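>>> coordinates for the following, if possible.
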Amino acid sequence: MTDLETRMMDLGQRARAAAVALREAPAAARTRALEVLAQKLTAAEAEILAANARDVDAARANGMTEALIDRLALTPARVAGMAQAVATIAAVPDPLGVETERWTPANGLDIARVRTPIGVLGVIYESRPNVTADAAALCIRSGNAAILRCGSDCLQSSLAIASLIAQALEEAGLPADAVQLVDTPDRAAVGLMLTGLDGAIDVIIPRGGKSLVARVQAEARVAVLSHLEGLNHTYLHEAADLEVARAVVVNAKMRRVSVCGATETLLVDRAGAERLLPPVAADLIAAGCELRGDAEALALVPAMIPAKEADWTTEYLAPILAVRVVDDLDGATDHIARYGSGHTEAILTTDADAAERFAARVDSAIVLINASTQFADGGEFGFGGEIGISTARLHARGPVGAEQLTTYKYVVRGQGQIRP
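A predicted model of the protein is given here:
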């Protein structure tokens with residue numbers, strides 16, 4: 001066994017032991033750990049930013065694109081947002097021990113379905129140091145131990161945050177091993193996590209690009225909670241309000257182009273295209289967005305670049321937007337079914353029946369009506385934060401917060417019943 005294998009197996013064993021302690025700890029202790037962590041993140045802003053500056057400098061030296069650097073970079077506002085997210089998660093009602101249903105069948109047994117932690121979660125992510133705090137907080141709130149493996153590009157930032165997490169756990173009387181960060185950039189550590197570390201890891205959660213998720217899905221020997229790319233669509237129905245469309249589309253694409261909730265394709269009804277598309281396109285271009293349109297879109301907005309087939313399947317994570325004119329609502333939902341990733345879709349319309357038909361037809365984790373796709377975020381859903389947006393169909397779908405990181409067991413109470 002190599003030195004790395006020995007270290008990773010030890011990390012898994014310590015996580016498994018910590019998971020038992022965390023599951024049995026009172027809710028107040030887990031809440032206290034999160035409250036202390038939020039305070040420590042605020043107090044250690046300077047140290048976190050200094051560590052992040054080292055990561056950003058190294059990323060630029062290695063030729064990372066500015067869109068990805070935007071994901072990596074922290075600012076005072078983003079550190080404050082991290083601390084606020086942890087504080088919000090601390091205030092989320094504790095999900096453990098909650099009875100989701102209780103009934104008595106004909107045999108007289110008192111049966112309850114009760115939320116319980118999954119156990120040990122392995123979280124593998126890229127570029128975003130805030131995920132270190134978010135994932136740790138959600139795991140603590142849900143009573144799960146966590147093994148975190150960040151991308152090498154955010155290792156210094158994540159190490160600084162992980163140190164604060166360990167301190168907060170210990171101050172709350174919980175084991176520091178409840179959240180552990182893999183402290184090496186060695187990619188072999190990912191492969192070892194995907195084996196499950198000899199049964200220590202119960203679920204792997206990948207949060208990153210398409211290639212990372214594909215590798216995890218192909219190689220993992222334990223259950224995977226997937227977060228696929230955000231090939232998100234905003235659909236301008238013929239009855240869309242123009243001013244709403246102008247505001248929402250620009251926000252959906254340009255608020256932050258590097259987040260998974262950014263719109264990547266704009267679909268426009270042919271019946272409303274002449275009214276809607278030119279002013280919306282003008283606003284996007286003024287905001288610095290490159291537009292790639294089909295023939296009908298180009299005819300209305302000559303400043304566009306001709307779209308290629310690949311544009312309908314590209315998550316740009318950049319100020320680039322594909323634009324297609326469609327026949328009608330069915331044409332829009334057919335396009336989404338063919339090219340979408342099942343993440344987030346939006347319709348803008350004043351026609352309530354059309355909105356509900358779109359919501360019923362679209363089979364994605366999140367469907368919005370008259371709102372920006374950038375709301376695809378656990379914090380905006382009231383979860384405090386998220387460990388990812390699940391595009392899976394089993395266990396959890398959409399923003400994965402603390403409640404979604406629990407499973408359940410049945411507690412059955414009897415009075416001496418025996419089965420005939």
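>>> rest of the way, CA atoms for contacts and neighbours
OK.
>>> what lines up beside the host helix or strand of A322 in the sheet?
Assessed by DSSP states H and E, A322 sits inside strand 320-326. If you go by DSSP bridges, strand 320-326 pairs up with strand 263-269 (parallel), strand 290-293 (parallel).
>>> roughly how far is the longest one from the heart of the chain?
A distance of 22 Å separates the C-alpha centroid of strand 263-269 from that of its chain, computed with C-alpha atoms, centre = their mean, to the nearest Å.
>>> residues in contact with Y235?
Y235 sits next to 266-269, 332, 345-348 when contact means C-alpha atoms under 8 Å, 6 or more residues apart in numbering.
>>> any idea which of those residues has the most stuff around it?
E345 (32 neighbours; other C-alpha atoms under 10 Å).
>>> that one against A371, yeah?
No - E345 is beyond contact range of A371, at 9.9 Å (criterion: C-alpha atoms under 8 Å).
>>> how about the helices in the stretch 1-150 of the chain?
3-24, 27-43, 45-61, 66-72, 76-91, 130-142 (DSSP state H, counting those that start in this stretch).
>>> who are the packing partners of the third one?
So the one you mean is helix 45-61. In terms of contacts (3 or more C-alpha pairs under 8 Å, 6 or more residues apart in numbering; DSSP states H and E), helix 45-61 is packed against helix 66-72, helix 76-91, helix 155-171.
>>> pipe the ones you listed into TSV and attach mean pLDDT and mean neighbour count per row.
What follows is the helices and strands packed on helix 45-61, written out as TSV (pLDDT from 0 to 100; neighbours: other C-alpha atoms under 10 Å):
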stretch	mean pLDDT	mean neighbour count
helix 66-72	85	18
helix 76-91	95	20
helix 155-171	98	22
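>>> closest one to P279 among these?
Closest to P279 of these is helix 66-72 (C-alpha to C-alpha; 26.1 Å).
>>> what sits up against that closest one?
By C-alpha under 8 Å, 6+ apart, helix 66-72 touches 52, 55-56, 59-60, 127-129, 153-154, 257-259, 317-318.
>>> now with 7 Å, please.
The set of residues external to helix 66-72 that reach it, using C-alpha atoms under 7 Å, 6 or more residues apart in numbering, is 56, 127-129, 154, 258, 317-318.
>>> how distant is the helix or strand bottoming out on mean pLDDT in the chain from the center of its chain?
Ranked by mean pLDDT, DSSP states H and E, the helix or strand of the chain with the weakest confidence is helix 66-72, at a mean of 85. On the basis of C-alpha atoms, centre = their mean, helix 66-72 is displaced by 17 Å from the centre of the chain it belongs to.
>>> circling back: just flag the most distant two among the contacts of Y235.
Largest pairwise distance in the contacts of Y235, by C-alpha to C-alpha, is 15.3 Å, between D269 and E345.
>>> separation between I118 and G151?
To G151, I118 is 24 Å away according to C-alpha to C-alpha, to the nearest Å.
>>> and the helices in the stretch 201-350 of the chain, which stretches?
Using DSSP H, counting those that start in this stretch, helices in the stretch 201-350 of the chain cover 210-219, 242-254, 270-286, 295-300, 329-339.
>>> of all these, which lies closest to G97?
Short answer: helix 210-219, nearest of the helices of the stretch 201-350 of the chain by C-alpha to C-alpha, at 30.9 Å.
>>> now that closest one: buried residues?
For helix 210-219, the neighbour count (16 or more other C-alpha atoms under 10 Å) marks 212-213, 216-217 as buried.
>>> apart from its chain neighbours, what residue comes closest to A376?
Among residues not flanking A376 along the chain, G261 sits closest, at 5.3 Å (C-alpha to C-alpha, 6 or more residues apart in numbering).
>>> got it, and V213?
Spatial nearest neighbour of V213, excluding adjacent residues (C-alpha to C-alpha, 6+ apart): P206 at 5.8 Å.
>>> now do the contacts for that neighbour.
By C-alpha under 7 Å, 6+ apart, the contact list for P206 reads 123-125, 213, 216, 226-227.
>>> do you know how far it is from P278?
From P206 across to P278, the span is 39 Å (C-alpha to C-alpha).
>>> what of G288?
For G288, the distance to P278 - C-alpha to C-alpha - is 15 Å.
>>> which one's more surrounded, the two?
P278 (15 against 12).
>>> contacting residues for that one?
By C-alpha under 7 Å, 6+ apart, P278 lies in contact with 300-301.
>>> tell me the pLDDT of V213.
If you check V213, the pLDDT there is 85.
>>> repeat for R419
If you check R419, the pLDDT there is 93.
>>> you'd agree it is in a helix?
No - per DSSP: H, G, I helix; E, B strand; the rest coil, R419 lies outside any helix segment and is coil.
>>> tell me how far it lies from N107.
Taken as C-alpha to C-alpha, the span from R419 to N107 is 9 Å.
>>> more neighbours: these two, which one.
Neighbour count, other C-alpha under 10 Å: between R419 and N107, N107 has more, with 10 against 4.
>>> what are the phi and psi values at the more buried one?
phi -80, psi 0 (degrees, to the nearest 10).
>>> excluding chain neighbours, what is closest to it?
Nearest residue to N107, sequence neighbours excluded (C-alpha to C-alpha, 6+ apart): Q417, at 7.8 Å.
>>> any idea how far E101 is from the one you found?
As defined by C-alpha to C-alpha, Q417 lies at a distance of 21 Å from E101.
>>> and if you look at D294?
With distances taken as C-alpha to C-alpha, D294 is found 51 Å from E101.
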